[in-house]
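**Student:** let me see the structure of the following:
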Amino acid sequence: MPRWSRENVDAVMKFYINLVHLISEVSWANIRLARSVTERDTLISTIQKNNEDLEIALAKENQLTEELHERDEELRHQVEELTQAKHDWEQTFQSIGSPTLILDINHRILNANSIVLQKTGKTLDQLIGKNCWEFFHGKETISPPGGCPCVKLIHTKRTETCEMEVSAFGGIYLVTCSPIFAIDGSIDRIIHIAMDITEKKNAENALSEVIQKLRLLTGLTRHDIINQVQIIQSLHSLCSETSDLSEIQEYVLRADKSAERIQSMIGFTRVYEDFGVVSSGWQSVHQTIADALSEVNPDNVTVEIDIPGNLEIYADPIIRKVFVTLIENALRHGERVTNIEFYSEAKKENLVISCSDDGTGIPDEEKEAIFTHGYGKHTGVGLFISREILAITGLSILETGTYGSGARFEILVPAGKFRLHTG
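**Tutor:** The predicted structure is shown next:
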């Protein structure tokens, strides 16, 4: 038997009841007007039949009501299941730890999880309907960026992934786009998940840089040691060719100097033997300079650190050696230094960390040469290696002071390599 709606049941019952009432009224009226017992008995029989029909109708109503109740219960359970499924899906969607979007096939945003809203500072209403590429890759973008996985997905109809820079999030992300298919097999929507791999990429780049620096430094050290060994061998030959003790003594002293240089070069390798052992990461600038200062004896020279305590830069931990070198350089070469100051300032989208002193300064013709290997009184290795350490994570250093007024070293930190820690 097909299930009736409540409206159908009510209509049927109303019809039966009205019909029975009408028949009853007519029947009793006929009884009163009946002229013979036969007519009366016939009417009574009709009334009894109508009452039986009414009982059948009432029984049918009860059956239909019970079926309708069962159907209501079934629908209620289905609604509860759908509500729970929607809740579970929403909780799952919001609990994804990476920025996640739902897009239509035209790249328009249909939904975004809480991570997206946190990172962009936007409300969901501000995002819905926007082109994802326009919003997340810059307003000046007029089409999806090259390599966009959403574009590939439309053609391949399978999950596509690529690494790309997301300007709205300020970093490099592994973007994965997966299709959601309609019943007819066409792509209905797209799940767009962006996983932050900025630090991973920075670490990979830093490791690549480290390998290059180690090769460079190892080659330089090997070359310098070979030169000193050749000098010692030449002096040994000269000693064997003369019997003049004063000459022999001079050759031996010069050979000792070369041996000392070799010893110094080998000792210098300790500075860079830890490159890459500890991964690059966010370093507190103020604390790093304070740690560097603890390795140096400034005597009567005042060292000021005028840098916010929550300022951090992305660098190799060995960057401490850079600040040690800058302090030692001022103490050793500044001649009349009484004050060394570290401070930071913003220059456009970059950060500049400066170390200045009130010593004699550096002549203009030497400002670049001091960073070359082997330059100066102490071989120039300190500033040379400092530049190499900074370059590991994309930082650079220049000397910009005024000769006669003091030296000033400026470390340039590009955008994305510094932050104000809020944790």
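
**Student:** please enumerate the strands of the stretch 101-250 of the chain.
**Tutor:** Along the stretch 101-250 of the chain, the segments classed as strands by DSSP state E, counting those that start in this stretch run 109-112, 160-166, 171-181, 187-196.

**Student:** in TSV, list these along with distance to Gln48.
**Tutor:** Just so you know, the C-beta spots here come from the backbone N, C-alpha and C atoms, and that holds for glycine as well. Below are the strands of the stretch 101-250 of the chain laid out as TSV (distance: least, C-beta to C-beta, whole Å):
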stretch	distance to Gln48
strand 109-112	67
strand 160-166	80
strand 171-181	65
strand 187-196	64
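
**Student:** I'd like these laid out as JSON lines, including distance to Asp41, mean neighbour count and mean pLDDT.
**Tutor:** Output for the strands of the stretch 101-250 of the chain, formatted as JSON lines (distance: least, C-beta to C-beta, whole Å; neighbours: other C-beta atoms under 10 Å; pLDDT from 0 to 100):
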{"stretch": "strand 109-112", "distance to Asp41": "77", "mean neighbour count": "19", "mean pLDDT": "92"}
{"stretch": "strand 160-166", "distance to Asp41": "89", "mean neighbour count": "16", "mean pLDDT": "87"}
{"stretch": "strand 171-181", "distance to Asp41": "75", "mean neighbour count": "18", "mean pLDDT": "91"}
{"stretch": "strand 187-196", "distance to Asp41": "73", "mean neighbour count": "19", "mean pLDDT": "91"}
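
**Student:** out of those, which is closest to Glu341?
**Tutor:** Judged by C-beta to C-beta, the one of the strands of the stretch 101-250 of the chain that comes nearest to Glu341 is strand 171-181, at 32.7 Å.

**Student:** report the angle between the closest one and strand 160-166.
**Tutor:** An angle of 140 degrees separates the directions of strand 171-181 and strand 160-166 when computed by axes from the mean of the first three to the mean of the last three C-alpha atoms, to 10 degrees.

**Student:** off-centre distance for the helix or strand hosting Leu326?
**Tutor:** Take DSSP states H and E as the rule and Leu326 turns out to sit in helix 320-333. From the chain centre to the centre of helix 320-333 is a distance of 35 Å (C-alpha atoms, centre = their mean, to the nearest Å).

**Student:** which parts of it are buried?
**Tutor:** For helix 320-333, the neighbour count (16 or more other C-beta atoms under 10 Å) marks 320-331, 333 as buried.

**Student:** now that helix - C-alpha only, CSV.
**Tutor:** Once side chains and other backbone atoms are set aside, the C-alpha atoms of helix 320-333 remain, and they are given as CSV (Å, rounded to 0.1, in the frame of the first residue of the first chain):
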residue,chain,number,x,y,z
ARG,A,320,76.7,34.9,16.3
LYS,A,321,80.3,34.7,14.9
VAL,A,322,79.5,37.6,12.6
PHE,A,323,78.7,39.9,15.5
VAL,A,324,81.8,38.6,17.3
THR,A,325,83.9,39.6,14.3
LEU,A,326,82.3,43.1,14.1
ILE,A,327,83.0,43.8,17.8
GLU,A,328,86.6,42.4,17.5
ASN,A,329,87.1,44.4,14.3
ALA,A,330,86.2,47.6,16.0
LEU,A,331,88.3,46.9,19.0
ARG,A,332,91.3,45.8,17.0
HIS,A,333,91.3,48.4,14.1
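
**Student:** other SSEs contacting that helix?
**Tutor:** Contact analysis of helix 320-333 by 3 or more C-beta pairs under 8 Å, 6 or more residues apart in numbering; DSSP states H and E lists helix 285-293, strand 339-347, strand 350-357, helix 381-391, strand 408-413 as its packing neighbours.

**Student:** now what about that helix, what contacts it?
**Tutor:** Helix 320-333 is touched from outside by 271, 288-289, 291-293, 295-296, 298-299, 301, 303, 337, 340, 342, 355, 357, 359-360, 362, 377-378, 382-383, 385-386, 389-390, 397, 407, 409, 411, with contacts defined as C-beta atoms under 8 Å, 6 or more residues apart in numbering.

**Student:** domain ranges for the chain?
**Tutor:** Residue ranges for each domain of the chain read 6-94, 97-196, 199-271, 280-423, as given by automatic domain parsing.

**Student:** by mean pLDDT, show me the worst of the ones you listed.
**Tutor:** If you rank those by mean pLDDT, domain 6-94 sits at the bottom with a mean of 75.

**Student:** which residues touch Asn300?
**Tutor:** Thr338.

**Student:** please report phi then psi for it.
**Tutor:** With angles defined as degrees, to the nearest 10, Asn300 shows backbone torsions of phi -90, psi 10.

**Student:** quick one: it from Thr325, how far?
**Tutor:** Going from Asn300 to Thr325 by C-beta to C-beta, to the nearest Å gives 21 Å.

**Student:** if we can go back for a sec, closest one of the buried residues of helix 320-333 to Leu214?
**Tutor:** Sorting these by how near they are to Leu214, with C-beta to C-beta, puts Lys321 at the top with 15.1 Å.

**Student:** gap between that closest one and Glu295?
**Tutor:** In this view, Lys321 and Glu295 are 9 Å apart by C-beta to C-beta.

**Student:** let's check: the centremost residue of this structure is which one?
**Tutor:** The C-alpha lying nearest the average C-alpha coordinate of the chain belongs to Asp196 (C-alpha atoms, centre = their mean; 2.9 Å).

**Student:** hang on, isn't that residue packed against Val175?
**Tutor:** No - under the criterion of C-beta atoms under 8 Å, Asp196 makes no contact with Val175, lying 10.7 Å away.

**Student:** list residues touching both of these two?
**Tutor:** Counting by C-beta under 8 Å, 6+ apart, nothing touches both Asp196 and Val175.

**Student:** quick one, helices of this protein?
**Tutor:** For the chain, the helices defined by DSSP state H occupy 6-33, 37-95, 114-120, 124-127, 132-136, 149-156, 198-240, 245-272, 285-293, 320-333, 381-391.

**Student:** nearest to Phe169, of the ones you listed?
**Tutor:** For those, proximity to Phe169 was assessed by C-beta to C-beta; helix 114-120 is nearest, at 5.1 Å.

**Student:** now for the closest one, which elements pack on it?
**Tutor:** The criterion is 3+ C-beta pairs under 8 Å, 6+ apart, and the helices and strands that helix 114-120 contacts are strand 100-103, helix 124-127.

**Student:** okay, now the sheet partners of the first one, with direction.
**Tutor:** If you go by DSSP bridges, strand 100-103 pairs up with strand 109-112 (antiparallel), strand 187-196 (antiparallel).
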